[in-house]
Structures are given as C-alpha cells and as structure tokens.
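>>> Just the structure for this:
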Amino acid sequence: MEDSSSTTNASMNVSGGTTTTSRRPRVGGSSTTTTTATTNATTTNEYQEEEENEHRVSRQRRRYLNSILMIFSPTLIFSKILLVATMILRVGLFPIRKLSFWFFPPGSYDNVASSSASKQAAKAFVEMFQKEYSILKHEQSSSSSDGTQYAISNEDTTDMMCPFVENGYVDTIRDIANRGQLHQENAGLHPPPPLLLIYLHAPLHDKVPHFVKHVFCNARVMSLIHRYKNSGALTCWGGSIHTADGAHARDTLQVTCFPFLALVRVQPGSSSASTTTTTTTTATAPSSTRNLELLFRMEGPALQSIQPNVLFHYLSNALTKYEAILTEQTMRRLQREEEVRLREEQDREYREALEADQRREREKREQQRLKEEQERKVREEQERIANEKQNRLENARRILNRNGEGEPPNGNGDSSMGTSQVTRIRLVLPSGKRLERRFWGKDTIDVVRSFLILHFEENDIPIENFELSCNYPKKALADGEKTLESEELCPHGVIMVQDLDA
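Residues are numbered from 1 along each chain as shown. So this is what the prediction gives:
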C-alpha cells in the first residue's frame, strides 16, 4: 500500500517550512490522439467510396434492366409489327393504286392544288345555281312568314343573278387579302377589301333545295346581297362539297352539317397557315391560307328552319357593323392624314422660316464681309497713298540734299561749285501764284520737281500730279535727267506748273 502510494504520488521536499509537490508528466498523449483522428477519417472516406460504388453499380443494373424491358415490351413490339405491316401494304398496294388511276382517272374538279381546276369547279357551280336556283324563275315579289309582301322592281330584278364569283376558294381569299394589303399601303388610292360570304352546297342533302329556293334566293335577301356586292363591300363564293375545292373549304372551316353559310373578313397581308373561326382552328391549304375573322356563321338545322326576314336581319346587321367599322377607319385615316398634312405644313413653314433666317444671316455676314473688305481696301489704299507720298517727299528731300541745302547764293557761281552758274527760275503755279528760286545751272528738272513737291507739302497745296513746261520755246519738261542749262533755262527762265488732276 505504501509502495503504491509512493509510486503514484510525488515526493515531498520540506525546506524552510515550504512544501513542494511535483508530478511526473504524461509522455506521448497528443501523438496518440492525432493518430486516432487520422484513422477515423480514413475509415469514413473508405465507407463513402464503397457507398458510391454500390450506388453506381445499382444505377447501371437498373438502366440495363430497363433497356431490356423496353426492347421486349409488348407495346414496342406491336408498334414495330404495325410499321412493317404498313410498309408491306404500301409496297403491295402501289401497283393497284396506279391501276386505279388508269381505270378511274380523277375528275376535272378533284385537284385542289390546281387553280384551273378550282376555277372550273366554281364556274360549274355558278352555272348550276343559275340553272336551278336563280331568282328570275320566281315571282317578283316574296312574302315572309307573317304574310308581309316585299315588292321588287324590274330594275332590281335584272341585278338579281347568281351572286357567286367564278373563282376558286383559295384564289378568292388571296385576291381579297391582296386588295386589303394594297388598301393598307395606300388607302387613298385603293378601296377597303370586301367581306366574303361563303356558301357550301350539299347536292344530296334533302333540306338544301328548300333553303336555297325559299330563303337564300328570297328577293329581299338577294337584293341586300347584290346591293353590297355592287358597292364593292361584299364578295360571294359558293362551292359544292363534292368538288375538291369545296371539300377543302369544308375541312378548313370545320363544317359538319349543311347547308352552311358564313360571313368572314379576310385579314390583309397575312401568310400564316391558320384560319380563325368561332374557335381558332388550323387547316392546311394547297397554297398559303389567310386569317379569317368570323362575323356570321350558321349551318345545319339553324339554316334549315330559318325565315328569310331573319336571315336578312342577320346579314344586314353584320354588313352594317362592317360599314360602321369602315367608316370609323376612314375617319381615323382622314384624321391621321389631316394631322400629317398639318405637321408637314408646319414643318414646311418652319423650314422656310429657318431658311429665310439663314439666308438673312448669310446676307448679313456677306454684307459685313464686303464692308470689312471695302474698309480694308480703303485703308490699304490710304496707306499706299501715304507711303507713296512719304516716299515722294523723302525722295525729294534726298535729291535736294544731294545738291546742297538751301538755294544757291546770288551771283554767277562760287569756288566750291566750279564754273557752274546760278540761274533764276520763276515758277508759275496753276493758281497764278509765282515763285522765284535760284538753282544751279547743272541742276536737273527733278530738282525743280522735288522743290515743288516739298513746297506743296509745306504750304498744304493739294497738288500731287503735275507736269512742267516752258513757253519760250513751247515744250514740256518731261525728262527729269536733263539739266536747266540743257533746257536753255540759264541764267533765268520761266516754268509753268500744270495740275494733272484738275
């Protein structure tokens, strides 16, 4: 017990009344903890990798099983069998189809893609309608169900022929759409497109003849149709459903019972492959179909039991609403054109005013430039004249200074000038004033001119261009290099001064 206590506890040292307790430190504790954490992390990573591998193998196994089930599924096998059977039937029936075309060739109205076939079918329908259902076979008056009589004049009766056009269904719609496109581009030159009244005829239906004879060909209904047709607001197309063109119209409009009558508005410039009816339906046509906005539609029992006056009111209301829409569009177009015209006029007036202002500004700048140019020229001319005058004065002074300052002394000469004599010259100015001055006989005419230039400048005499001459003998002293002696002006002489600017 004591050994254990001595081993576990620390030794006690007593010195000076102080007790010191020491314990042996634990060696290797932190290293063991680090190793344990590393081992746990490695084990966790291994577990995660094993789980991922198991999931991957499981997914591959499921994918493989699904592919095997798809290959051997009854639905897929049945569809493959049907595809093979269809191909075998097509190959086997191809010769029979060719032989059927030889023995039973298609009729002239069976090609819906042919425009000529559609026109022939429409023409045949118009001829049939005129022959069997024309209103001219009936009396010129028709009564409604309540016994009201509607009188028809001879002038109106002459117009009550077959209202249908001799054109195909697709061509008629395309023509109206093109007219609408032209109206949109230039409403002032092209009228608005008409509405389209579509009638599908079923020859074998037992109720159709009664509807056509007593309702559609009613004098009042037919008069309404022809009035709008003659005004360009309505186009009528009819066709038999036993022709390709009529069958195409039936499928396009999704008609299921007959007789069928619809009033539609063809949207201009639309080349989409959808036809809008009461509910939007899509039909594929041999050529580009157009969007049709349905305004009125009746078919089957509704038309079989309808009265002529009821059909008249239906059509009249639809056409009147369309006329109101056209009138509103026309007013809006005229208003837009008026606004555009006013805007263009305002822009034109603004441009004219701006151009006038710019023109005045240019003229003002041009006048200012001309004025400055003129002032510059005047200033340059004045400077030139002043420089010339200054140069003339300096030249005159230089010439006089070259011959000595002042006039020569009175006498026949002195020793400094040699044998040259002095001459007395009388200068007669243009004003009549006389000047007398002595010159040396060897002085040139330019010396006399220089004297006169300085005299005029000092005495403010406005003479700049002048010439010298003498009367005895009569001659002009134009050569400035000649001396007074050579001009015979010694010992005295008279020189006349003439103002050339006077």
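>>> Low-confidence ranges, the stretch 251-400 of the chain, go.
269-290 (pLDDT under 70).
>>> One more: the chain?
1-41, 100-101, 103-113, 134-160, 269-290, 403-406, 411-420.
>>> Quick check, central residue of it?
Nearest residue to the geometric centre of the chain (Cα atoms, centre = their mean): Glu185, 15.4 Å.
>>> Return the distance of that one relative to Arg341.
18 Å (Cβ to Cβ, to the nearest Å). The C-beta positions use only the backbone N, C-alpha and C, and glycine is treated the same way.
>>> same check, this time on Leu253
According to Cβ to Cβ, Leu253 and Arg341 sit 43 Å apart.
>>> now the end-to-end length of stretch 459-479.
With Cα to Cα, to the nearest Å as the measure, stretch 459-479 spans 26 Å from end to end.
>>> Give the buried residues for that stretch.
By 16 or more other Cβ atoms under 10 Å, the buried positions in stretch 459-479 come out as Ile463, Phe466, Leu468, Cys470, Leu477.
>>> before we move on, back to that, between Leu253 and Arg341, which one's more packed in?
Leu253 (23 against 10; other Cβ atoms under 10 Å).
>>> Which strand or helix spans Val170?
Assignment of secondary structure by DSSP states H and E places Val170 within helix 169-185.
>>> what does Glu388 give?
Using DSSP H and E, Glu388 falls in helix 308-402.
>>> okay, the angle between that helix and helix 169-185?
Orientation check (axes from the mean of the first three to the mean of the last three Cα atoms, to 10 degrees): helix 308-402 against helix 169-185 gives 40 degrees.
>>> next structured bit after helix 308-402?
Following helix 308-402 in sequence, per DSSP H and E, is strand 422-428.
>>> ok, and what's touching the helix or strand immediately after that following strand in the chain?
With elements assigned by DSSP H and E, the helix or strand that comes after strand 422-428 is strand 434-440. The contact list for strand 434-440 (Cβ atoms under 8 Å, 6 or more residues apart in numbering) reads 403, 407-410, 417, 420-429, 447-448, 451, 455, 484.
>>> Would you list the strands that strand 434-440 pairs with, along with their directions?
In the sheet, strand 434-440 lines up against strand 422-428 (antiparallel) (DSSP bridges).
>>> Look up how far Glu323 lies from Asn178.
The value you get for Asn178 to Glu323, if Cβ to Cβ is used, is 22 Å.
>>> and if you look at Met161?
From Met161 over to Glu323 (counting by Cβ to Cβ), the distance is 23 Å.
>>> in the stretch 151-300 of the chain, which spans are strands?
Ranges of strands in the stretch 151-300 of the chain, per DSSP state E, counting those that start in this stretch, are 195-201, 234-240, 260-266, 275-276, 280-281, 292-299.
>>> Show me what the first one is packed against.
Same thing as strand 195-201. Packed against strand 195-201 by the contact rule (3 or more Cβ pairs under 8 Å, 6 or more residues apart in numbering; DSSP states H and E) you find helix 169-185, strand 234-240, helix 244-253, strand 260-266, helix 308-402.
>>> now those in a markdown table, with distance to Ser116?
Shown next, in a markdown table, are the helices and strands packed on strand 195-201 (distance: least, Cβ to Cβ, whole Å):
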| stretch | distance to Ser116 |
| --- | --- |
| helix 169-185 | 10 |
| strand 234-240 | 15 |
| helix 244-253 | 11 |
| strand 260-266 | 22 |
| helix 308-402 | 32 |
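>>> next one: the helix holding Glu388 to chain centre, how far?
Helix 308-402 has its average C-alpha position 25 Å from the chain's average C-alpha position, going by Cα atoms, centre = their mean, to the nearest Å.
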